[in-house]
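In: Quick one: sequence and predicted model below, then my questions.
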Amino acid sequence: MDAEWSADTRRRAALHGLLADPARVAIVDLLAWSDASPSELGARLGLASNLLAHHVGVLARHGIVRRHRSEGDRRRTYLALVPGALDGVGAAGPARPAPSRVVFVCTANSARSQLAAAAWQRVSPLPTASAGTHPAERVASGALRAARRHRLPPLGEPRSLGDVLVDGDYVITVCDRAHEEAPGLAAGHWSVPDPVRRGDEDAFEAALAQIERRVADLAPRFTGPATTG
């Protein structure tokens, strides 16, 4: 009888077993909303570093969590969920009330945050904006071309945080450097590699693909009417 179970059934059973520990569920729940460093996760969950390292190690060995170096502080490591690793097990974490606006932030506001706001407009009725910690003079040409290829809404001019943020904004940093420059600013962080650094079309395509995937995953998890701050 056991031999009749499909490979997907076996996979989901194994995942349920891995997530039987409450600490691992809590880690997955947080990472479903935001990439995080081990110290950020430990502070949020109140877990000792050795216990956190154990649970993260188990999740990493089974392909649920991945680690990567920060593009800002190269000594820092970020943890992120592996795309698709938890498909079919309903482990996305609880929904949250809709904010008044979703604001995407990167350093220059010339590529990633602009593309994220444009991608958000296409899938969610919630208002959106973008900003930079050190805004550039203009949007990167590679970002403009990527937006046109994917028929995204027009990208705006780079703007600074002080000119954009208002009370009630749900802030997501899409750049490690911006996240590290303004600790505590963002409700969420997406560690998206900088396509401007490489400069080629493939880099912008890869950045946009990650952004669109994460936007599509996040948007349905906000429930109810938008809050007014």
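Out: In hand now; what should we look at?
In: hey, let's count contacts and neighbours off CA atoms from now on
Out: Will do.
In: which residue is nearest the centroid of this protein?
Out: residue 190 (3.1 Å; Cα atoms, centre = their mean).
In: what about the nearest residue to residue 12 once chain neighbours are set aside, neighbour count?
Out: Nearest non-adjacent residue to residue 12, counting by Cα to Cα, 6 or more residues apart in numbering: residue 89, 6.3 Å away. Applying other Cα atoms under 10 Å, we find 13 residues neighbouring residue 89.
In: you'd agree residue 89 is in a helix?
Out: No: with DSSP: H, G, I helix; E, B strand; the rest coil as the criterion, residue 89 is assigned coil and is not in a helix.
In: Buried residues of the helix or strand of the chain with the lowest mean pLDDT, list them for me.
Out: Using mean pLDDT, DSSP states H and E, the weakest-scoring helix or strand in the chain turns out to be helix 7-18, at a mean of 83. Residues of helix 7-18 classed as buried: 12, 15, 16, 18 (neighbour count, 16 or more other Cα atoms under 10 Å).
In: Correct me if wrong: the third one contacts residue 89.
Out: Yes: Residue 16 lies in contact with residue 89 (Cα atoms under 8 Å); the separation is 7.1 Å.
In: At which residues are the strands of the protein located?
Out: Secondary structure of the chain (DSSP state E): strands located at 65-69, 77-81, 96-97, 101-106, 128-132, 169-173, 188-189, 222-223.
In: Could you report the separation of residue 116 from residue 17?
Out: Going from residue 116 to residue 17 by Cα to Cα, to the nearest Å gives 35 Å.
In: now the longest helix seen in the chain, how far from the centre of its chain.
Out: Determined from DSSP state H, the single longest helix within the chain is helix 201-218. Computed by Cα atoms, centre = their mean, to the nearest Å, the chain-centroid distance of helix 201-218 equals 10 Å.
In: what's it in contact with?
Out: Helix 201-218 is contacted by residues 33, 112, 115-116, 119-120, 123, 142-143, 146, 192-196 when judged by Cα atoms under 8 Å, 6 or more residues apart in numbering.
In: hmm, 7 Å instead?
Out: Residues external to helix 201-218 that are found in contact with it (Cα atoms under 7 Å, 6 or more residues apart in numbering): 115, 116, 119, 120, 123, 142, 143, 146, 192, 193, 195.
In: so what's residue 153 up against?
Out: Residue 153 touches residue 118, counting by Cα under 7 Å, 6+ apart.
In: can you give me phi and psi for it?
Out: Torsion angles at residue 153 (phi, psi; degrees, to the nearest 10) stand at phi -60, psi 160.
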